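Enquirer: turn this into a model:
(4 chains)
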Number of protein chains: 2
Amino acid sequence: MRQNPARRRALLDAAIEVLARDGSRGLTFRAVDAEAAVPGGTASNYFTNRDDLLGQVTARTRERLTPVEAEVAATMRAPRNRDLVVRLMRELHGRMLRDRSSYLAMLELRLEATRRPELQAALTDVFSANLQDGIRFHLDAELPGDQTTVLVLYLAMSGLLVDDLTVPAVLAPFPREELIADLVERILPPEASPGLPS
Amino acid sequence: MRQNPARRRALLDAAIEVLARDGSRGLTFRAVDAEAAVPGGTASNYFTNRDDLLGQVTARTRERLTPVEAEVAATMRAPRNRDLVVRLMRELHGRMLRDRSSYLAMLELRLEATRRPELQAALTDVFSANLQDGIRFHLDAELPGDQTTVLVLYLAMSGLLVDDLTVPAVLAPFPREELIADLVERILPPEASPGLPS
DNA sequence: AACGTAGTACTACACTTGGAGTGGTGTCAA
DNA sequence: TTGACACCACTCCAAGTGTAGTACTACGTT
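Expert: Residues are numbered from 1 along each chain as shown, chains lettered A, B, ... in the order given. Next comes the predicted model:
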């Protein structure tokens, strides 16, 4: 088993690319070798089997999908109102556009997880942590809305991402910028946070 | 090319099952034969190639996912308020639970469509029609809310379905019935339809 | 009632592909 | 000098496809 971390990362990034381009069906050691432009047989030396590869791809994808701290910090200098939430959602959407491969790979992994308990456990951790982080972030930052708000935003954005990744033409009639603004507007009541109803 | 429609349908249903259980990776003519419990080579006689099979599977899935008219009609006897929308969303979710295979197959098809223009066109039609139907149904039935409401509901429910299909444990802490009610509550303002703001 | 025919079901086989894994050699750096 | 790794080549194995050939069934014909 080889150790070279740079090469391992390169292979994992190649695997993500393959996964996004050719799907789970096309993900073979040989395809990863080719995509990473390394000699045939290399992937065999770095991963014991397909499961191992998928597991490590999951971890790598998680790294790649974590937003850059600095960028978020910059955005968070603005006042805590609905416009800021809109901006955050647009940035999330932008991240998807920029790293389409990672998001597509994640979708492939979700489906693969359907039939691989270990992978499902790993992915559940990733998404649960992601959701919890989202909720905590939202509340700590004192953004308008409560836990349920974040949950519904999470779901709607999920749906939007899936559609944009797989059948973009369906929502093409609705310009993204506006759609996201509308989405937040509907989910987040106009005035007075509903998180404190009493 | 064989014509027997009953057998063709059986093969397509088998293909959906295979797709849901083993994914696109496991979808081979032989696997379909095995799942349908027909002699090996049969699928070869009914579909010219994989693309052909996928195309016909798409059509079949569409059939299977169309809600039963009568069921909807029964539900629609109720007064047009938010509770009714909640009920409709719960029924949508229930349909997913009942025909999990079809929904999973659809997800697989979405990903497959990423790299097959013909399939993408077909799926775009399916989902566009679905969305348009949803909007028209909602407005014609004079349910509370406007087009944007339906759109956001569609997105949020999409997200919920994807999560429930692939990593159900993530949203397990939030009981479905309640989650769906909350979701509608947030997206659909409590009183006075926002579709007519002026 | 016997025959013929068309369409299918079924079986088996031959062919091809593609990927996995591994051993061996070369290379670089500590 | 030694150990880790890159690179290359080769073999083995498994899977799937498509099709030829045979058997069956139903139906129409005379």
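Enquirer: where's the nearest residue in space to A:Thr42 that is not next to it in sequence relative to DNA strand C, distance?
Expert: Using CB to CB, 6 or more residues apart in numbering or on different chains and skipping residues adjacent in sequence, the residue nearest A:Thr42 is A:Asp33, 5.2 Å away. Where C-beta positions appear, they are placed from N, C-alpha and C, glycine not excepted. Using CB to the nearest atom of the strand, to the nearest Å, A:Asp33 is found at 8 Å from DNA strand C.
Enquirer: how far away from the center of its chain is the helix or strand containing A:Asp33?
Expert: Taking DSSP states H and E as the definition, A:Asp33 sits inside helix A:29-36. Centroid separation for helix A:29-36 versus its chain: 23 Å, with CA atoms, centre = their mean, to the nearest Å.
Enquirer: quick one: it near DNA strand D?
Expert: No - figure legend: helix A:29-36 not in contact with DNA strand D (CB under 7 Å from any atom of the strand); closest approach 9.1 Å.
Enquirer: and after that helix, which helix or strand comes next?
Expert: Proceeding N to C from helix A:29-36, the next assigned helix or strand is helix A:42-46, under DSSP H and E.
Enquirer: so which bits of that following helix are buried?
Expert: Neighbour-count burial for helix A:42-46, counted by 16 or more other CB atoms under 10 Å in any protein chain shown, picks out A:42-43, A:46.
Enquirer: just the residues you listed that are near DNA strand C?
Expert: A:Ala43.
Enquirer: how much space separates A:Gly40 from chain B?
Expert: 21 Å (CB to the nearest CB, to the nearest Å).
Enquirer: ok, the nearest residue to that residue once chain neighbours are set aside - contacts?
Expert: Nearest residue to A:Gly40, sequence neighbours excluded (CB to CB, 6+ apart): A:Asp33, at 5.1 Å. Under the criterion of CB atoms under 8 Å, 6 or more residues apart in numbering or on different chains, the contact list for A:Asp33 reads A:39-43.
Enquirer: what pLDDT does A:Asp33 get?
Expert: Per-residue confidence (pLDDT) for A:Asp33: 98.
Enquirer: now swap in A:Glu185 and tell me
Expert: pLDDT, read off for A:Glu185, is 97.
Enquirer: neighbours around it, how many?
Expert: 16 (other CB atoms under 10 Å in any protein chain shown).
Enquirer: quickly find the element holding it.
Expert: Here A:Glu185 is assigned to helix A:176-187, by DSSP H and E.
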